[in-house]
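# Next come a sequence and a model predicted from it.
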Amino acid sequence: MVDSLRYIIVGTGGFGAHWCRAFLPRLTELGKARPVAAVDLRPDALLNAQQHLGLPADRCYADLNRALDENPADFIIIVVPPAHHETVVDAALAHDLHILSEKPIADTMAGCARIYHKVNAAGKKMAVTMSHRFDQDKQSLEAAIKSGKYGRLNYIVHRFTHDCRKFGSWGEFRHRIPDPLLVEGTVHHFDILRSLTGADGQTVYATTWNPPWGEYAGDSTALINLTMTNGVPCAYEGAKANATTLNGWGNDYLRAECEDGTLELDRRQLRVLRSGPDGAPVAEPLPLLERPVWMNAWLAEMFCDWLAGGPPPPNHLGDNIQCAALLFAAIESAHTHAPVDVQAYLQKHL
């Protein structure tokens with residue numbers, strides 16, 4: 001029997017606590033990977049690794065390099081703010097480790113490009129957990145679009161709107177940073193649109209703002225037009241300071257207009273609509289796909305299988321750099337009030 005892979009998790013508070021509690025125990029149960037150390041600056045956050053991963057206190061560290069020096073491992077899991085990703089990546093590569101990181105790759109396009117080159121030069125494997133694309137409802141919509149049953153894809157409309165206008169209602173740090181909607185929300189939705197269209201971003205034109213009642217330092221609202229490299233247009237509406245939550249996290253509205261049917265996903269309900277005899281739309285519910293786990297837990301499994309000799313997962317670094325380019329090109333578009341050629345933007349930074 002092949003020994004399970006060994007990992008070190010960096011960041012066990014905040015969303016890292018969810019990794020410890022909900023995603024990583026399954027890797028141990030499946031015999032795919034086991035923890036050897038955890039790192040966090042806060043002692044109380046390290047309790048999550050002790051409670052949910054079974055790590056003893058002496059394998060829980062505040063010092064990243066000490067944890068890496070004292071615990072041989074195969075890969076590192078990064079669940080810290082994006083501004084600190086490159087520091088952890090550098091330490092991981094210095095210790096010859098593969099990398100599984102939370103999104104985005106880094107907090108700037110320049111940082112993303114540096115990490116991209118460093119990882120490739122080191123010959124290591126890296127994947128980025130853009131999890132929402134791998135949720136049950138989005139995977140079901142993608143399968144329906146690509147089945148061919150509804151004809152050619154014409155365009156896609158995506159809505160993600162919330163009532164999170166009060167300070168702290170979306171986590172305090174998101175109310176303090178520039179471009180919070182794009183960096184913390186829309187980046188996932190760009191990845192969803194890439195998967196649904198089967199193409200990367202070609203041109204993006206973003207209009208972003210924060211209404212007077214939105215308690216954000218940066219822009220909380222966006223209307224974005226995308227054209228993908230295969231010519232499919234996408235229209236995106238995102239908002240965190242609306243009066244009501246129409247389609248929040250995990251409950252997106254997506255409409256894929258296809259040649260022979262309108263595929264509509266609304267709050268995890270999927271259906272196809274076609275015109276009836278009198279012209280009114282007739283809806284047919286479509287079942288969602290089934291599998292044991294979705295999102296981060298599934299991505300962690302695919303990453304371990306890759307390290308064990310399997311195929312690269314869809315969220316590998318070479319693919320995710322396209323998502324990073326689309327994100328930061330959209331930010332540039334919003335700031336310059338002009339459309340941006342995403343592929344030219346990526347090549348300029350690579």
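Everything's here; your move.

# what's in contact with the helix or strand harbouring L265?
Using DSSP states H and E, L265 maps to strand 261-266. If you take C-beta atoms under 8 Å, 6 or more residues apart in numbering as the criterion, strand 261-266 is touched by 137-138, 140-141, 144-145, 149-151, 247, 252-256, 270-274, 281, 283, 286. C-beta coordinates here come from the backbone N, C-alpha and C atoms, glycine included.

# redo that, cut-off 6 Å
Contacts to strand 261-266, defined as C-beta atoms under 6 Å, 6 or more residues apart in numbering, come from residues D137, L141, A144, Y150, Y253, L254, R255, A256, R271, V272, L273, R274.

# Apart from its neighbours in sequence, what residue is nearest the most centrally placed residue in the chain?
Residue closest to the average C-alpha location in the chain (C-alpha atoms, centre = their mean): M130, at 2.1 Å. Excluding the flanking residues, the one nearest M130 by C-beta to C-beta, 6 or more residues apart in numbering is D191, at 4.3 Å.

# thinking again about what came up before, the strand holding L265: what's the following helix or strand?
Next helix or strand after strand 261-266 toward the C-terminus (DSSP H and E): strand 269-275.

# mind listing the helices for the protein?
15-18, 24-29, 43-53, 64-70, 85-94, 109-122, 136-146, 172-176, 180-181, 187-197, 295-307, 317-336, 342-349 (DSSP state H).

# and the longest one, what does it pack onto?
Helix 317-336 is packed against helix 109-122, helix 187-197, strand 201-209, strand 340-341, helix 342-349, with contacts defined by 3 or more C-beta pairs under 6 Å, 6 or more residues apart in numbering; DSSP states H and E.

# and the residue lying closest to L289 once chain neighbours are set aside, what does it touch?
Once flanking residues are discounted, L289 sits nearest to S140: 4.7 Å by C-beta to C-beta, 6+ apart. S140 makes contact with L270, L288, L289, according to C-beta under 6 Å, 6+ apart.

# again, only using 10 Å
By C-beta atoms under 10 Å, 6 or more residues apart in numbering, the residues touching S140 are L263, L265, R268, L270, L286, P287, L288, L289, E290.

# which of these count as buried?
By neighbour count, with 16 or more other C-beta atoms under 10 Å, the contacts of S140 hold L263, L265, L270, L286, L288 as buried.

# Distance check, the nearest residue to the fourth one once chain neighbours are set aside against Y236.
What that stands for is L286. Leaving aside its chain neighbours, L286 sits nearest to L270 (4.5 Å; criterion: C-beta to C-beta, 6+ apart). Separation of L270 from Y236 (C-beta to C-beta, to the nearest Å) stands at 19 Å.

# Now for G218, how many residues are close by?
Residues lying near G218 (other C-beta atoms under 10 Å) number 19.

# That one and I177 touch, don't they?
Yes. Because the distance of 5.9 Å satisfies C-beta atoms under 10 Å, G218 is recorded as touching I177.

# shared neighbours of these two, anything?
Contacts common to G218 and I177, judged by C-beta under 10 Å, 6+ apart, are V183, E184.

# Out of the helices of the chain, which is closest to K103?
Nearest to K103 among the helices of the chain is helix 187-197; the distance by C-beta to C-beta comes to 6.0 Å.

# Output the contacting helices and strands for that closest one.
helix 136-146, strand 153-161, strand 201-209, strand 221-228, strand 233-239, strand 253-258, helix 317-336 (3 or more C-beta pairs under 10 Å, 6 or more residues apart in numbering; DSSP states H and E).

# cutoff 6 Å now
Packed next to helix 187-197, using 3+ C-beta pairs under 6 Å, 6+ apart, are helix 136-146, strand 153-161, helix 317-336.

# can you list contacts of the last one?
The one in question is helix 317-336. Under the criterion C-beta under 6 Å, 6+ apart, residues 104-105, 109, 112, 116, 119, 126, 128, 179, 182, 187, 190-191, 200-201, 204-206, 208, 340, 342, 345-346 lie in contact with helix 317-336.

# Then stretch 220-235?
Against stretch 220-235 from outside (C-beta under 6 Å, 6+ apart): 153, 155-157, 181, 193, 197, 199-210, 214, 236-241.

# With stretch 175-194 instead?
Here stretch 175-194 has contacts from 104, 130, 132-133, 138, 158, 160, 167, 174, 216-220, 222, 234, 238, 240, 323, 326-327, 330-331, using C-beta under 6 Å, 6+ apart.

# distance between the ends of that stretch?
Stretch 175-194 has an end-to-end distance of 27 Å (C-alpha to C-alpha, to the nearest Å).

# Buried residues in the helix or strand bottoming out on mean pLDDT in the chain, which are they?
When the helices and strands of the chain are scored by mean pLDDT, DSSP states H and E, helix 172-176 comes last with a mean of 92. Across helix 172-176, burial judged by 16+ other C-beta under 10 Å covers R174, H175.

# What is the distance between it and the centre of its chain?
Distance of helix 172-176 from the chain centroid (C-alpha atoms, centre = their mean, to the nearest Å) equals 19 Å.

# domain assignment for this structure?
Following automatic domain parsing, one gets these domains for the chain: 5-124, 133-292+340-349.

# could the ones you listed be laid out in JSON lines, adding distance to L307?
Shown next, in JSON lines, are those (distance: least, C-beta to C-beta, whole Å):
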{"stretch": "domain 5-124", "distance to L307": "6"}
{"stretch": "domain 133-292+340-349", "distance to L307": "18"}
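
# I'm done for today, thanks for sticking with me.
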